[in-house]
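Asker: Sequence below, structure please.
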Amino acid sequence: MTTRRHVAGSIAALSAVFGLAGCTPFALTRREPTTLHRLTPMTTVPDNLPVLGKRILVEPPTAASGLNTARIPLRPEPMLLDFFANAQFVEVVPIMVQSLVTQSLDATGSLDVLGPDATGLRPDYVLRLHIQDFQAEYDRGLAAPPLVNIRMQLRLLGMPRRESLATVRGDQAVRADGTSVEAVILAFDQAMGLALRRIVNWTVAEIARREA
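Answerer: Residues are numbered from 1 along each chain as shown. Sure thing, here's the model as predicted:
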């Protein structure tokens, strides 16, 4: 298996080719202030969603090893997980995803979405998420724009017995338009936006079917 030393050497070589202030987003030889990046919730509400009025809570997601961090994950090779050197998300990935899903569901007006700090209110449904992939994959080499890959499993639970009612996948992939950190973050935002639309449509449809 490729060692981290070998990968770091490859990245350093790329830095020499592009210049330390050039195109490569890694720049492991530099020490610069960390930049913070946030992703956005769903901004357009799907048409004709029913108003259900049922309470739902989005649980804090679980995540695969290495993703429970605010650092922005990347995969320079299939068997190696690394992170951008001077950039990170504003929150750890699972909490950020929980917040985005909560805000997006709330924006529809279909459901009474409980916040993480809601007390004294019992949900009718709980949405459970497991994040399997959430990284930029350099499948075409370190000098080419990466593919942002998001893979999540969703499970809808009926309360109060926490009965498993339905499951679905929320997988999305978007190729970045460039190699800069900003281009990669934009691809993360686009992929997450597609995933959020799928999550919202599926959740509302499943609850509407159960309530009917």
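
Asker: Name the spans of the protein whose pLDDT lies under the cut-off.
Answerer: Filtered on pLDDT under 70, the chain yields the residue ranges 1-31.

Asker: how far does stretch 109-127 stretch from start to finish?
Answerer: End-to-end distance of stretch 109-127 (Cα to Cα, to the nearest Å): 17 Å.

Asker: residues making contact with that stretch?
Answerer: 45, 49-60, 98, 101-102, 105-106, 154-160, 162, 165, 199, 203-204, 207 (Cβ atoms under 8 Å, 6 or more residues apart in numbering). C-betas here are computed from N, CA, C, even on glycine.

Asker: just the strands in the chain please.
Answerer: Along the chain, counting by DSSP state E, strands occupy 35-37, 55-58, 62-63, 71-77, 80-89, 112-114, 125-137, 147-158, 163-169, 172-175.

Asker: how about the closest residue to L129 other than its chain neighbours, what does it touch?
Answerer: Leaving aside its sequence neighbours, L129 sits nearest to P61 (Cβ to Cβ, 6 or more residues apart in numbering; 3.9 Å). Each residue near P61 by Cβ under 8 Å, 6+ apart is listed here: 94, 97-98, 128-131, 152.

Asker: Mind doing that once more with 10 Å?
Answerer: P61 is in contact with 67-68, 93-98, 101, 127-131, 134, 152-154, counting by Cβ atoms under 10 Å, 6 or more residues apart in numbering.

Asker: Repeat that for A70.
Answerer: Applying Cβ under 10 Å, 6+ apart, the residues contacting A70 are 34, 36-37, 83, 88-93, 95-96.

Asker: The closest residue in space to E32 that isn't next to it in sequence: neighbouring residues, count only.
Answerer: Take E32 and drop its neighbours on the chain: the residue closest to it by Cβ to Cβ, 6+ apart is N86, 4.6 Å away. Neighbourhood size, N86 [other Cβ atoms under 10 Å]: 16.

Asker: can you tell me how far N86 sits from I72?
Answerer: 10 Å (Cβ to Cβ, to the nearest Å).
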